[in-house]
Each structure stands twice: as C-alpha cells, then as structure tokens.
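Q: Kindly return the folded structure for what I paste below:
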Amino acid sequence: MEIEKKKTYSIKEVGEVLGLSRVTVWRLVKEGYLPGVYQKTPLPGSVWVVPAASVEKFLQERGG
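A: Down below sits the predicted model:
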C-alpha cells in the first residue's frame, strides 16, 4: 500500500491509510499496536497524533 510520506498522522488519516474506522484505529492504539500516540495540545478536542513510524511498522507487520 502506498502511503504519503509524513512525520505524523491524525487518527482519521490513519484510518484512511489502513482502510479502518476511527473506532478501530483507537482500539489498535489502546491495545499497543500503534505506539507513541500523543495529543497535540492538552485542550479538549485537540487532535491526537500518530507517528508515521508506528503506521509504517504496523503495515510491515501486517504485510501491507
């Protein structure tokens, strides 16, 4: 799967890259499959960020 080269992705973007819903992406985060996720600012409603390395590693481990 070809993914755009970025340093970080939003939860929504990860879902689009992996073909998964945002709920499923959050489940992967909680289960430790996508480590390093952080909130951009501590404010409610702030964007959560997933490092590109986590997405790429997940894809490689899944044969993507």
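
Q: where's the residue lying farthest from the centre of the chain relative to Arg22, distance?
A: Largest separation from the mean C-alpha position in the chain: Leu43, at 19.7 Å (CA atoms, centre = their mean). Going from Leu43 to Arg22 by CB to CB, to the nearest Å gives 19 Å. Every residue, glycine included, has its C-beta placed from N, CA and C.

Q: do Gly63 as well
A: 23 Å.

Q: Between the two, which has more neighbouring residues?
A: Between Gly63 and Arg22, Arg22 has the larger neighbour count (other CB atoms under 10 Å), namely 13 against 6.

Q: That one against Ile11, yeah?
A: Yes - if you go by CB atoms under 8 Å, Arg22 and Ile11 touch, sitting 5.4 Å apart.

Q: For the helix or strand harbouring Ala53, name the packing helices and strands.
A: Here Ala53 is covered by helix 52-61, with elements defined by DSSP states H and E. Applying 3 or more CB pairs under 8 Å, 6 or more residues apart in numbering; DSSP states H and E, one finds that helix 52-61 makes contact with strand 8-10, helix 11-18.

Q: what sits up against that helix?
A: By CB atoms under 8 Å, 6 or more residues apart in numbering, the residues outside helix 52-61 that reach it are 1, 3, 5-9, 14, 17-18, 28, 33-37, 64.

Q: Show me how to select, in PyMOL, the buried members of those.
A: Burial among these is assessed by 16 or more other CB atoms under 10 Å; the matching PyMOL selection reads:
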select buried, resi 3+8+9+14+17+18+28+34+37
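
Q: a markdown table please, covering the helices and strands packed on helix 52-61 and showing mean pLDDT and distance to Val47.
A: A markdown table is the format used below for the helices and strands packed on helix 52-61 (pLDDT from 0 to 100; distance: least, CB to CB, whole Å):
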| stretch | mean pLDDT | distance to Val47 |
| --- | --- | --- |
| strand 8-10 | 93 | 6 |
| helix 11-18 | 94 | 8 |
